[in-house]
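In: coordinates only, sequence not included:
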């Protein structure tokens, strides 16, 4: 792991602001790992209300999507997507009042009577996925194939520039603690740890107060990247190694991002599906960086506009953090469930470095948090030896970007590893 320049100071102390709902919401039919939604619940011309389920899928690894505004469906067609280039999207024109499909809440007594299976079903129906970036359907993670005795709530937020999770932990501490209890019940976990990096003192103080009457423990971690990776977090919190090719449940652990935990709380306590999330909007081109509560489907141009006139024209717009984020070709792409940040970079920051021959220094090998040899996977990929890239462990790459960051020759290691993962034999 490496120490990175954090660049969080411009937003870490800014309260979350609610962005007004968009005039048109663009709801992609895939916002998660797995199969896209194929079963449409609406058609062009139909009226919908905020929170209404508008599409789902029958596959196990999938997640429904919901309307984020009340209005009328005006189109169902391909639209720019922040990860997939383009995908089928339901377009909703906002009309009238911002009505909610279900405004009921549940009492503490009702929630205490819920079974683990009932909670998992609520999480599925609400369309909750991992909100730290991975976007794996949460209802699947709440039903692991092996016994899990330990839950780690991931509050690391190790990417530079991003403070959405930090602010959520400060402002919604008690709600996250309640959501943690719901997830622990689903997993039958007896040990619970709240993992927070030491560069978030306000969040640490808030949780120390909030968990004083529970059996939960806080683990304060050094601020290193990628501290928030599941396997790295498990190693640093529990001193347990997740073997290559295995998953956290193989060592009896489940890791859940704090934003995901908060979404579970809202679903179970407030009967609220996942149709909005907190997004950090920042970067050298932004005049007034902000942490915004944003409806899913809002074009990112509206988030950028909410931060005032630009200081300068951006050379690159990245969704996510600067290490693992994805550069965008248009500001029409919408916020999706995994969108935690939007970064506008100037020409100097976005400069493309000239790639040089590998000097065999071994820096990428020494620093790889997954214990891989990125230089060798890079070589196999460039020579189209995808089976060999697989033998070198390309599938275990967490795509953190450290190999690119530390390479003195500016090799595009991560890009070739991603290509190998896509093209290698199954």
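Out: Right, received. Where do you want to start? As the structure is a computational prediction, the values presented were derived from the model and not from experiment.
In: where does the closest residue to residue 226 other than its chain neighbours fall, helix, sheet strand or coil?
Out: Excluding the flanking residues, the one nearest residue 226 by C-beta to C-beta, 6 or more residues apart in numbering is residue 400, at 4.4 Å. From N, CA and C alone the C-beta is placed, and that goes for glycine too. Following DSSP: H, G, I helix; E, B strand; the rest coil, residue 400 is assigned to coil.
In: ok, now how distant is residue 400 from residue 229?
Out: 7 Å (C-beta to C-beta, to the nearest Å).
In: Mutual contacts of these two, please.
Out: residue 369 (C-beta atoms under 8 Å, 6 or more residues apart in numbering).
In: what number of residues lie near the residue nearest to residue 226?
Out: Per other C-beta atoms under 10 Å, the neighbour tally for residue 400 reads 25.
In: Repeat that for residue 188.
Out: Neighbours of residue 188 (other C-beta under 10 Å): 11.
In: Equivalent analysis for the one 4 residues further on, please.
Out: Residue 192 is flanked by 20 other residues according to other C-beta under 10 Å.
In: and it, that one's in a helix?
Out: No - assessed with three-state DSSP, residue 192 is strand; it does not lie in a helix.
In: Show me what it is bridged to.
Out: residue 151 (DSSP bridges).
In: Which segments of this structure make up each domain?
Out: 108-270, 363-423 (automatic domain parsing).
In: what about those domains, which gets the closest to residue 36?
Out: Proximity to residue 36, assessed across the domains of the chain by C-beta to C-beta, is greatest for domain 108-270 (12.3 Å).
In: Neighbouring strands of the helix or strand of the chain with the lowest mean pLDDT in the sheet, and parallel or not?
Out: When each helix and strand of the chain is scored by mean pLDDT, DSSP states H and E, strand 39-40 comes last, with a mean of 90. Note on strand 39-40: by DSSP bridges, its sheet partners are strand 53-56 (antiparallel).
In: OK, contacts around residue 56?
Out: Contacts here follow C-beta under 8 Å, 6+ apart; on that basis residue 56 touches 37, 39, 41, 62, 64-65.
In: same thing but at 6 Å, please
Out: Contacts for residue 56 (C-beta atoms under 6 Å, 6 or more residues apart in numbering) come out as 37, 39, 64.
In: Next, count neighbours for the nearest residue in space to it that is not next to it in sequence.
Out: Of all residues not flanking residue 56 in the chain, residue 64 sits nearest, at 4.0 Å (C-beta to C-beta, 6+ apart). A count of nearby residues for residue 64, using other C-beta under 10 Å, gives 22.
In: ditto for the one 5 residues further on
Out: Using other C-beta under 10 Å, residue 69 has 25 neighbouring residues.
In: Tell me how far it lies from residue 425.
Out: Distance from residue 69 to residue 425, by C-beta to C-beta: 44 Å.
In: what does stretch 248-260 contact?
Out: Residues from elsewhere that reach stretch 248-260 (C-beta under 6 Å, 6+ apart): 130-132, 138, 144, 146, 148-155, 165, 168-169, 176, 183, 187, 230, 233-234, 240, 242.
In: Which of the domains of the chain sits closest to residue 303?
Out: Short answer: domain 108-270, nearest of the domains of the chain by C-beta to C-beta, at 11.9 Å.
In: Redo the domains of the chain as JSON lines? Include distance to residue 321 and mean pLDDT.
Out: What follows is those, written out as JSON lines (distance: least, C-beta to C-beta, whole Å; pLDDT from 0 to 100):
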{"stretch": "domain 108-270", "distance to residue 321": "3", "mean pLDDT": "96"}
{"stretch": "domain 363-423", "distance to residue 321": "9", "mean pLDDT": "95"}
